[in-house]
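1. quick one, fold the following:
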Amino acid sequence: MAKTVTVGRTNKKNRIQSSPGERVFTVFNYIFFTVLCLLMLYPFWHVMMLSFSSMAQALKGGIFLWPRGFNLDTYRSVFKNPDIYTGFSTTLFVTAVGTVLGTLLTAMTAYPLSKSRLRGGKVLMLLVLFTMIFNAGMIPNYLLIRNLNLYDSRWALILPLLLSAYNCIIMKTFFLSIPDSLEESARIDGANDIRIFLSIIIPLSKATIASIALFTAVMYWNDYFSTVLYIKETDKWSLQAVLRNMLTNTQQAMQSAGVNVRAQTNTNAETIKAASIVVATVPILVVYPFAQKYFVKGVMIGGVKG
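-> Now for the predicted structure:
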């Protein structure tokens, strides 16, 4: 018991005490980053509170820290449209399939490019960089989709965005940090390139794969322009296109009513716009915390001892 007390006292004496300047700096950091986080979160909070406010209160404008005249009429008008559900199904399908295929294709492209023994690897890497710097443009891409008979197909929303040169470079850089001794040991045991890729490289790359998957999912979820270019039938529209069309139709309908056009349009447009932003943003925000744990868990994943 005496030894325990002695150790405790020794630990207290050996504890490093911070100087007053360091304590002030720590307090300043906490205050600064707390204020910064609040400033970054407030725009979305403002939009959410505006979406739950009445049209009369939304017309007054100002800062919305809480709903004014709480009502759900705006959300009822949004979800009353049957196209919203087809938009959700299309966006979920495109996001799920595009994320899985895009992440897999990015990893399969980056892994061989990270190997110095690949013949012509530098030339292939230059071609990847060329596609990132120079884009063919909207018209050639549109003609390509039509010639491939993908026009008015959900695959037209997936294939053009399937592989990102930027994501490929990020994953290639991570693969370069994995020690070669791991692959050499696996080859001695008789493993081929596919077995090494699936059994060693992929498990070590969970953090990077989670990051690339999240980037890809957000890109597919927020994609709007591809629907405008390649999709004609409304039952194949993405969620973003459905919400944009809903807002446009609401404005046109109120303009045709002819009663206080400007005021009514601003009021209705603002509340419906806010509700549309919430409906389109909340689902992808719900997914983010589940991917965030892989970022934190895998920060040191590249520090494998050789």
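2. count the neighbours of residue 202 for me.
-> Neighbour count for residue 202, taken as other C-beta atoms under 10 Å: 14. Heads up, the C-betas are built off the backbone N, CA and C, glycines and all.
3. let me redo that: residue 103
-> Neighbours of residue 103 (other C-beta under 10 Å): 23.
4. who's in contact with it?
-> If you count contacts by C-beta atoms under 8 Å, 6 or more residues apart in numbering, residue 103 has them with 209, 212, 213, 216.
5. and these, which is closest to residue 192?
-> residue 209 (21.2 Å; C-beta to C-beta).
6. can you tell me the helix or strand for that closest one?
-> helix 206-222 (DSSP states H and E).
7. these two touch, right, residue 275 and residue 78?
-> Yes. The pair residue 275 / residue 78 is scored as a contact, 5.1 Å apart, by C-beta atoms under 8 Å.
8. between these two, tell me which one has more neighbours.
-> Between residue 275 and residue 78, residue 275 has the larger neighbour count (other C-beta under 10 Å), namely 26 against 22.
9. give me the neighbour count for the closest residue in space to residue 103 that isn't next to it in sequence.
-> Nearest in space to residue 103, with sequence neighbours left out and distances taken as C-beta to C-beta, 6 or more residues apart in numbering, is residue 213 at 4.7 Å. Residues lying near residue 213 (other C-beta under 10 Å) number 20.
10. the bottom helix or strand of this protein by mean pLDDT?
-> Taking mean pLDDT, DSSP states H and E as the measure, the helix or strand of the chain with the lowest value is helix 2-14, at a mean of 50.
11. for the helix or strand following it, packing partners?
-> Going down the chain from helix 2-14, the next helix or strand is helix 20-51, by DSSP H and E. If contacts are counted by 3 or more C-beta pairs under 8 Å, 6 or more residues apart in numbering; DSSP states H and E, helix 20-51 sits against helix 261-297.
12. what about the helix it packs on, average pLDDT?
-> Averaging pLDDT along helix 261-297 yields 69.
13. correct me, but residue 223 touches residue 238?
-> Yes. If you go by C-beta under 8 Å, residue 223 and residue 238 touch, sitting 6.7 Å apart.
14. shared neighbours, those two?
-> By C-beta under 8 Å, 6+ apart, the residues touching both residue 223 and residue 238 are 94, 157.
15. the two: which is more packed in?
-> residue 238 (30 against 21).
16. model confidence for that one, exactly?
-> So residue 238 comes in at 89 (pLDDT).
17. same question, the one 4 residues further on
-> Among the per-residue scores, residue 242 shows a pLDDT of 86.
18. quick one: contacts for residue 209?
-> Neighbours of residue 209 in contact, by C-beta under 8 Å, 6+ apart: 103, 107, 171, 202.
19. for residue 226, same thing?
-> 156, 157, 160, 161, 238.
20. which helix or which strand is home to it?
-> helix 225-230.
21. also residue 103?
-> helix 83-113.
22. follow the chain on from that helix and name the next helix or strand.
-> helix 121-133.
23. quick one: pLDDT of the residue positioned nearest the centre of the chain?
-> Of all residues in the chain, the one closest to the mean position by C-alpha atoms, centre = their mean is residue 218, 2.9 Å from it. Note on residue 218: pLDDT of 87.
24. quick one, what contacts it?
-> residue 284.
25. before we move on, what about the one 3 residues further on?
-> Neighbour list for residue 221: 91, 95, 239, 280, 283, 284 [criterion: C-beta under 8 Å, 6+ apart].
26. can you select the buried ones from these in PyMOL?
-> In PyMOL syntax, the buried subset of those is picked out as below (16 or more other C-beta atoms under 10 Å):
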select buried, resi 91+95+239+280+284
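27. farthest-apart pair in the contacts of residue 221, please.
-> 95 and 280 (12.0 Å).
28. residue 205 against residue 174, yeah?
-> Yes. The pair residue 205 / residue 174 is scored as a contact, 6.3 Å apart, by C-beta under 8 Å.
29. count of neighbours near residue 211?
-> Using other C-beta under 10 Å, residue 211 is surrounded by 20 other residues.
30. make that residue 92, sorry
-> Count around residue 92 with other C-beta under 10 Å applied: 15.
31. distance of it from residue 63?
-> Distance of residue 92 to residue 63, computed by C-beta to C-beta, to the nearest Å: 34 Å.
32. again, but for residue 57
-> Relative to residue 63, and taking C-beta to C-beta, residue 57 is found at 12 Å.
33. so between those two, which is more surrounded?
-> Under the criterion of other C-beta under 10 Å, the comparison of residue 57 against residue 63 puts residue 57 first, with 18 against 7.
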